[in-house]
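Colleague: Build me a model from this:
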Amino acid sequence: MKIWLLFTIFLPWHHLSIVAKAKQLYKDEKGVKALVIGAGEMSELACRHLLKSGFEVVVCSRNIKKARILAHSIVMDGNGETYTASQIQVKPYEELEYLLNSMQLLVTATSAPYPIIKKEMVRPLKETRNWFDIALPRDIEEMQIDNLNIYSVDDLQCIVDETLELRANQAKEAFGIVGQMSEEFFVWLKSLAVEPIIKSIRTKSDEIIEKKIQNAIKKKFINSDDKDNIEKLCKSIMAEFLHIPYLKLKEVSTSYQQQKRHQTMRHFQVINFCFELDLSTQVAVDFITICH
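Modeller: From the prediction side, this is the model:
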């Protein structure tokens, strides 16, 4: 009993490995029926994983009432999936030998203290059969029959290990992608630190343009009808003139690793002084904090 309880802790991985192996063996799951022997918790998990992967299921158990309850519960709740009665059928235990020799895929997970599938029950077939024995002790007697592959718990553990190794490698690759995206995000975030400064420079530039155009109109240097066109021209000139300073500002904000706090503060003070921006102390603090 202790062995069985310990085994149930690892069983979800074995069910996943069964499905992974079955999908590898049967490229098209549609129409492939899997025989699940037993009606306990292990068998229910096997049924759910197989159904979710597209296999049809036949449940066979000594306790046919329990098997019917299992099938009914899966059809009724489905755990987010929708299954029909034709996808999971129940057969009496008396038909076990017939089912063994008529179905390609089998999963057995009973709590029987001895093998329930004997060699004399199994006939050789032309079709390849794949049986998964996840019971402890084993449900399937040791046998060598043509076109019959029997996978035990030890075999499934190897599949689990391979799957875990593959997922670990995929996780490393995913972490690398996430790390790169995170770095790009923080570079973008740090570039936001200069936005208040750039906005202040642009506002200052627009104010100067507006003031000079109004003075020119007042002194009759230009006609008021030409105001919009001249304003567009002036803004275009200023935008081109300030383009390089804007880029340099963003470069300063994103190259925080090579800079000290006092250097960053010095950059801020020079910009504030040269452009007479009158930026608040809080803007300076935000600029330095984000950059570092």
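
Colleague: make it CA atoms for all contacts and neighbour counts henceforth
Modeller: Will do.

Colleague: Just list whatever residues bridge to residue 132.
Modeller: Beta-bridge pairing of residue 132 under DSSP bridges involves residue 107, residue 151.

Colleague: And the protein, split by domain according to the record?
Modeller: 2-153, 174-291 (automatic domain parsing).

Colleague: Going by mean pLDDT, which of those comes out lowest?
Modeller: Here the lowest mean pLDDT among the domains of the chain goes to domain 174-291, at a mean of 67.

Colleague: Please look at residue 55 and residue 36 and confirm they touch.
Modeller: No: if you go by CA atoms under 8 Å, residue 55 and residue 36 don't touch, sitting 11.5 Å apart.

Colleague: Next, work out how far apart residue 198 and residue 107 are.
Modeller: Distance of residue 198 to residue 107, given as CA to CA, to the nearest Å: 68 Å.

Colleague: Would you map the helices across the chain?
Modeller: 2-25, 41-52, 64-77, 96-100, 153-191, 195-218, 227-254, 261-275, 281-291 (DSSP state H).

Colleague: List the contacts of residue 213.
Modeller: Counting by CA atoms under 8 Å, 6 or more residues apart in numbering, residue 213 touches 227, 230-231.

Colleague: between those, which is closest to residue 101?
Modeller: residue 231 (89.2 Å; CA to CA).

Colleague: Just to check, the closest one is in contact with residue 208?
Modeller: No: if you go by CA under 8 Å, residue 231 and residue 208 don't touch, sitting 10.8 Å apart.

Colleague: So between these two, which is more surrounded?
Modeller: Under the neighbour definition other CA atoms under 10 Å, residue 231 and residue 208 were set side by side, and residue 231 has more, 16 against 12.

Colleague: got a list of what that one touches?
Modeller: Applying CA under 8 Å, 6+ apart, the residues contacting residue 231 are 209-210, 213.

Colleague: Could you dump those into a markdown table and include distance to residue 144?
Modeller: Shown next, in a markdown table, are the contacts of residue 231 (distance: CA to CA, whole Å):
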| residue | distance to residue 144 |
| --- | --- |
| 209 | 93 |
| 210 | 94 |
| 213 | 98 |
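
Colleague: Residue 137: which of these is nearest?
Modeller: In terms of CA to CA, no member of these lies closer to residue 137 than residue 209, at 89.0 Å.

Colleague: Can you give me the neighbour number for the closest one?
Modeller: 18.

Colleague: got a list of what it touches?
Modeller: 231, 234-235 are the contacts of residue 209 under CA under 8 Å, 6+ apart.

Colleague: Save those residues as a markdown table, and put in distance to residue 85 too.
Modeller: Below are the contacts of residue 209 laid out as a markdown table (distance: CA to CA, whole Å):
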| residue | distance to residue 85 |
| --- | --- |
| 231 | 76 |
| 234 | 77 |
| 235 | 73 |
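
Colleague: From those, pick the one nearest residue 91.
Modeller: The closest of the contacts of residue 209 to residue 91 turns out to be residue 235 (CA to CA; 83.1 Å).

Colleague: just checking, that closest one touches residue 208?
Modeller: No: counting by CA under 8 Å, residue 235 sits too far from residue 208 to count as a contact (10.2 Å).

Colleague: Can you give me the neighbour number for residue 55?
Modeller: Neighbour count for residue 55, taken as other CA under 10 Å: 25.

Colleague: Quick check: it vs residue 47, distance?
Modeller: Counting by CA to CA - residue 55 and residue 47 are separated by 9 Å.
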